[in-house]
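Visitor: Got a predicted model here, sequence first, then my questions.
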Amino acid sequence: MDSLIDQYLRKPIRYADIDGLNDIGLGIATLGWSLIFLIPEHLPRDSVLARDSWLLMPLVMGPLVLLIHFGTRLARERLTFPRTGYVAYSTSPGKYIAVIAVAVITALAAVFTASQATLSVTFVMGSLVAAASLHRLARTGLLRYGLLAGASVGIGLVLSFQDLGFREGTMWFCLLMGMTLLVSGTVTMWRYLRQTSSQETASR
């Protein structure tokens with residue numbers, strides 16, 4: 001078991017995940033990736049976007065990133081901070097951009113390797129998401145990240161038995177994983193609101 005000191009030092013890390021907004025934001029972003037692969041299927045075959053779906057990235061992910069950034073900030077100002085206080089984190093974007101870049105490059109390299117070998121692309125994606133979830137579990141001690149890791153591997157494994165190509169497999173994995181993250185975030189938010197009360201409500 002963790003000592004009281006370990007639990008105290010882990011509180012700031014757990015705080016960032018206390019309200020489920022991170023899961024909701026990741027779920028929205030993951031569903032956005034599924035749209036990038038889904039939209040070309042409903043466009044004319046000679047369309048530029050149908051031939052190269054990566055051109056949809058700024059059109060789809062740009063608005064979603066803005067929605068996630070400003071939406072979660074507004075939600076925390078209205079819901080989280082009045083209940084459990086404000087915690088200031090570093091606003092320097094450099095380290096976050098570097099981490100995201102490394103994660104994306106690693107994921108693309110793993111998926112490309114899988115597509116060239118006999119490995120299932122969806123299983124590789126599920127394993128990568130599971131590894132990230134387990135890392136978060138180790139840092140926060142929150143059980144839901146273990147459940148998300150299991151769900152990710154399960155989704156990837158089930159899809160690996162289907163006769164799906166790269167685009168279709170990626171679309172289905174992102175769709176199902178995005179929905180799973182939204183459910184996780186929504187349940188976490190619901191439990192958080194039930195277990196806490198705003199300072200205005202508490203003062204009445």
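Guide: Structure received. Numbers count the residues shown, from 1 in each chain.
Visitor: Give me the secondary structure label for residue 163.
Guide: Taking DSSP: H, G, I helix; E, B strand; the rest coil as the rule, one finds residue 163 in the coil state.
Visitor: Kindly report the same for residue 46.
Guide: Quick answer, by three-state DSSP: residue 46 is coil.
Visitor: Residue 197 too?
Guide: Residue 197 - assigned by three-state DSSP - is coil.
Visitor: so what pLDDT did it get?
Guide: Reported pLDDT at residue 197 in the predicted model: 74.
Visitor: For it, the count of nearby residues, please.
Guide: 13 (other CB atoms under 10 Å). To be clear about C-beta, it is placed using only N, CA and C from the backbone, and glycine gets the same treatment.
Visitor: Poorly predicted segments of this protein, please.
Guide: In the predicted model, the chain carries pLDDT under 70 at residues 1-15, 49-50, 53, 86-119, 198-204.
Visitor: And the helices in the chain?
Guide: 4-15, 21-38, 48-51, 56-75, 81-84, 93-116, 121-140, 143-160, 166-195, 199-202 (DSSP state H).
Visitor: so can I have JSON lines of the ones you listed showing mean neighbour count?
Guide: Shown next, in JSON lines, are those (neighbours: other CB atoms under 10 Å):
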{"stretch": "helix 4-15", "mean neighbour count": "11"}
{"stretch": "helix 21-38", "mean neighbour count": "20"}
{"stretch": "helix 48-51", "mean neighbour count": "13"}
{"stretch": "helix 56-75", "mean neighbour count": "14"}
{"stretch": "helix 81-84", "mean neighbour count": "17"}
{"stretch": "helix 93-116", "mean neighbour count": "12"}
{"stretch": "helix 121-140", "mean neighbour count": "19"}
{"stretch": "helix 143-160", "mean neighbour count": "18"}
{"stretch": "helix 166-195", "mean neighbour count": "18"}
{"stretch": "helix 199-202", "mean neighbour count": "10"}
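Visitor: Let me see the contact set for the residue nearest the centre of the chain.
Guide: Central residue of the chain (CA atoms, centre = their mean): residue 26, 2.7 Å from the mean position. Neighbour list for residue 26: 181, 185 [criterion: CB atoms under 8 Å, 6 or more residues apart in numbering].
Visitor: Ok, residue 133 next?
Guide: The contact partners of residue 133, taken as CB under 8 Å, 6+ apart, are 145-146, 148-149, 152.
Visitor: Can you tell me the closest non-neighbouring residue to it?
Guide: residue 149 (3.9 Å; CB to CB, 6 or more residues apart in numbering).
Visitor: From what I see, the one you found and residue 134 are in contact.
Guide: Yes: counting by CB atoms under 8 Å, residue 149 sits close enough to residue 134 to count as a contact (4.9 Å).
Visitor: which one among the contacts of residue 133 gets closest to residue 59?
Guide: Residue 59 has its nearest neighbour among the contacts of residue 133 in residue 152, at 26.8 Å by CB to CB.
Visitor: Let me see the contact set for the closest residue to residue 147 other than its chain neighbours.
Guide: Once flanking residues are discounted, residue 147 sits nearest to residue 184: 7.5 Å by CB to CB, 6+ apart. Shown in contact with residue 184 (CB under 8 Å, 6+ apart): 20, 23, 27, 144, 147-148.
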